[in-house]
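[1] Turn this into a model:
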Amino acid sequence: MIEEDHCVYVKRSKGNFLILSLYVDDILLAENDKKMIVATQGCLSSKFEMKDMCKASYMLKVKILKDHFKKLLGLSQETYIKKILE
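    Numbers count the residues shown, from 1 in each chain. Next comes the predicted model:
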């Protein structure tokens with residue numbers, strides 16, 4: 001668990017990582033090793049009813065930006081900010 005945010009959990013193992021972000025009944029997973037996601041989903045689905053919504057592009061009005069070629073992950077609130085300014 002990240003001390004500043006009690007809804008974000010990080011698991012590190014042999015140079016790999018998995019980040020689990022939890023909001024009410026929504027879970028967002030990010031990783032650098034697919035095996036960690038498969039194992040985590042298997043563990044969670046054995047205890048809870050779950051539906052995999054596949055790759056996320058937005059969560060809580062935050063756009064998720066991914067560049068697999070450059071191995072970058074980013075977040076943007078541009079749409080939300082424009083709506084507020086209007």
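[2] how close does residue 71 sit to residue 15?
    Using C-beta to C-beta, to the nearest Å, residue 71 is found at 14 Å from residue 15. The way it works is simple: take the backbone N, C-alpha and C, and place the C-beta from them, glycine included.
[3] I meant to write residue 43 there.
    Residue 43 is 21 Å from residue 15, by C-beta to C-beta.
[4] what about the least confident helix or strand in the chain by mean pLDDT, distance to the chain center?
    None of the helices or strands of the chain scores lower by mean pLDDT, DSSP states H and E than strand 58-59, at a mean of 84. Relative to the centre of its chain, strand 58-59 is centred 9 Å away, using C-alpha atoms, centre = their mean, to the nearest Å.
[5] Packing partners of the helix or strand following it?
    Using DSSP states H and E, the helix or strand that follows strand 58-59 in sequence is strand 62-67. If contacts are counted by 3 or more C-beta pairs under 8 Å, 6 or more residues apart in numbering; DSSP states H and E, strand 62-67 sits against strand 72-76, helix 78-85.
[6] Save the ones you listed as CSV, and put in mean neighbour count and distance to residue 56 too.
    Shown next, in CSV, are the helices and strands packed on strand 62-67 (neighbours: other C-beta atoms under 10 Å; distance: least, C-beta to C-beta, whole Å):
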stretch, mean neighbour count, distance to residue 56
strand 72-76, 10, 11
helix 78-85, 10, 15
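[7] Export those to TSV and append columns for mean pLDDT and distance to residue 66.
    Below are those laid out as TSV (pLDDT from 0 to 100; distance: least, C-beta to C-beta, whole Å):
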stretch	mean pLDDT	distance to residue 66
strand 72-76	88	6
helix 78-85	90	16
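[8] Adding distance to residue 48, write those out as CSV.
    Listed next are the helices and strands packed on strand 62-67 as CSV, based on distance: least, C-beta to C-beta, whole Å:
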stretch, distance to residue 48
strand 72-76, 25
helix 78-85, 29
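[9] does residue 28 count as helix, strand or coil?
    strand (DSSP: H, G, I helix; E, B strand; the rest coil).
[10] How is the chain divided into domains?
    Split into domains by automatic domain parsing, the chain comes to 1-54, 55-86.
[11] Packing partners of the longest strand anywhere in the chain?
    Counting residues, the longest strand found in the chain (DSSP state E) is strand 16-23. If you count contacts as 3+ C-beta pairs under 8 Å, 6+ apart, strand 16-23 packs onto strand 8-13, strand 26-31, helix 34-45.
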